[in-house]
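1. Here is my input; please provide its structure:
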Amino acid sequence: MRRKIALAFTTTTLMVGTVMAPAAFASTTAAQAYTCHYSVSGGKAYAGFYSGNTAIPSSNVVTTAGIEAQCLLRRAKFDPGVIDGVFGSKSQAATKKFQTLMNNAFGYNIAIDGVVGSETWPALRWYAEYNA
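-> Numbers count the residues shown, from 1 in each chain. Okay, the predicted model is just below:
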């Protein structure tokens, strides 16, 4: 009888542990951090993840445009937070500061919306090259 109880207890413990472990692991896992690999071409900076000027980084999924924009913001000395490819509130705030600087100091007319789109990409690539 003891053996059956012990076996049942062990099986239950293993099953609960298996079910509970992934949830606990997921809640303690840090965001993936990417490493930026900068290069320069034609007076513009690139970080090795996205080379275009039209993709808009997503605020809820990892994108190569998100990683690229975060890397360039960091190189330009605007802190986007963790380079994780998800363009969250810290990355958007850094982008708004960058857009404000470009409008005020260099005469750009970029919407100050925290979005790295077709108006912001060229300015960000240029500024990240010359102000690293």
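2. Every contact and neighbour count from this point should use C-alpha atoms.
-> Will do.
3. so how many other residues sit close to Asn53?
-> Asn53 has 17 neighbours, counted by other C-alpha atoms under 10 Å.
4. List the residues that contact it.
-> Contact analysis of Asn53 by C-alpha atoms under 8 Å, 6 or more residues apart in numbering lists Gly117, Ser118, Trp121, Pro122.
5. among the residues you listed, who's most crowded?
-> That'd be Trp121 among these, by other C-alpha under 10 Å, with 21 neighbours.
6. Quick check, it in contact with Ala55.
-> No. Judged on C-alpha atoms under 8 Å, Trp121 makes no contact with Ala55 at a distance of 9.0 Å.
7. Nearest residue to Ala128 in space, please, no chain neighbours.
-> Excluding the flanking residues, the one nearest Ala128 by C-alpha to C-alpha, 6 or more residues apart in numbering is Ala76, at 4.6 Å.
8. Could you double-check that that neighbour lies in contact with Arg125?
-> No. Contact between Ala76 and Arg125 fails when scored by C-alpha under 8 Å: they sit 9.1 Å apart.
9. Tell me which of those two has more neighbours.
-> Between Ala76 and Arg125, counted using other C-alpha under 10 Å, Arg125 has the larger neighbour count: 25 against 20.
10. Would you confirm that that one belongs to a strand?
-> No. With DSSP: H, G, I helix; E, B strand; the rest coil as the criterion, Arg125 is assigned helix and is not in a strand.
11. was I right about it contacting Ala45?
-> Yes. Arg125 lies in contact with Ala45 (C-alpha under 8 Å); the separation is 4.9 Å.
12. how does this structure divide into domains?
-> Segmentation of the chain into domains, based on automatic domain parsing, reads 1-30, 39-130.
13. Deepest in the core, which of those domains is it.
-> Using mean count of other C-alpha atoms under 10 Å, the stretch among these with the largest mean neighbour count is domain 39-130, at a mean of 19.
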